[in-house]
Every structure is written in structure tokens, then in C-alpha cells.
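Visitor: Pasting the sequence and the predicted coordinates here, then a few questions.
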Amino acid sequence: MINFLCIFLGFDKEILRSKKIGEREVSSFVLLYILILSLSVYACYYASYLFTDNVIAAALLSLFLTYILHNMYRLIIATSYEGNNLTTRKEIYKYISVKGFLVVILSIFISCTLCVSVFDSEINMELKKYKSNLSSDYEKLLS
């Protein structure tokens, strides 16, 4: 299990083997990570489908984008263990700003795509109304 977490998710072996972190914390973190990764897959698929309007191309593009997002999450996880050794406020603010920036950028991409996915029917309905109003205004202008 520890080797799987180290290779696939980028966890540190020494921290997983330490007595401070129990199996419950590790399993809850893994479940949270899998949830975030599955939301990333869906968000990347939906965004790719909106771009390409092709299921196969969207699936391939979503796998590629999810792989990139996964590696960014691995980078955040792999470099987060040094946070326990920070002593000054300047180091803490620098650490939080760098990690926070990466997390915010990743979450904005995923959440915006999920938001569009959730409100797709309302957006299409409003878009149809706007198109019909635009075409009726254009017909009035022509006549």
C-alpha cells in the first residue's frame, strides 16, 4: 500500500511509515484525492467535449489534461512536507502563497467547468431566448 501511494500519488515514504500518521488519516486523504481526481476527469472531459464536440477526442484530451493536473497535485503533495520545518513568518507566507496559488488555479479550472456542466440546461435556455430575440430584432430591422 505504501509503495502504491508513493509511486502513484507522490507521497513521502518516511512520513507514511512514521507513527504520527495513522491508517485512518492516510485512507481519508487517499479517498479525498481520488474524489478530486475523478472530478478533474469529469471536468476535463466536459471542457474537452465543449471544445471538440467529439466524444473520442474529448476522452483522449481529458486523459491528457487529467494527467497534467494529477502531476500538479503530485508536485503540491511532494513538496508540502517541508511545511513543518518553517520558522519565520516570511517563510510561512512564501510557502502558503506558492502552494495556495497552485491550488487556487487548479480549483478554478475544475470548478468553472463543473459549474458550466451543472447549469448547462439553464445556459442553453437563456442562449436560445437571446438568439430568438436577436433574430426577431434583425427581422424587424430588415423589414
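Guide: Right, received. Where do you want to start?

Visitor: Would you mark the buried spots in the helix or strand containing residue 35?
Guide: Residue 35 is part of helix 23-52 when elements are defined by DSSP states H and E. By neighbour count on 16 or more other C-beta atoms under 10 Å, the buried set for helix 23-52 is 26, 30, 33, 36, 40-49. Yep, even glycine has a C-beta here, placed from its N, CA and C like the rest.

Visitor: Check which element follows that helix along the chain.
Guide: helix 55-79.

Visitor: one step back: quick one: which of the buried residues of helix 23-52 has the lowest pLDDT value?
Guide: Ranked by pLDDT, the buried residues of helix 23-52 bottom out at residue 26, which has 76.

Visitor: wait, that residue sits on residue 4?
Guide: No - counting by C-beta atoms under 8 Å, residue 26 does not reach residue 4; the two are 11.2 Å apart.
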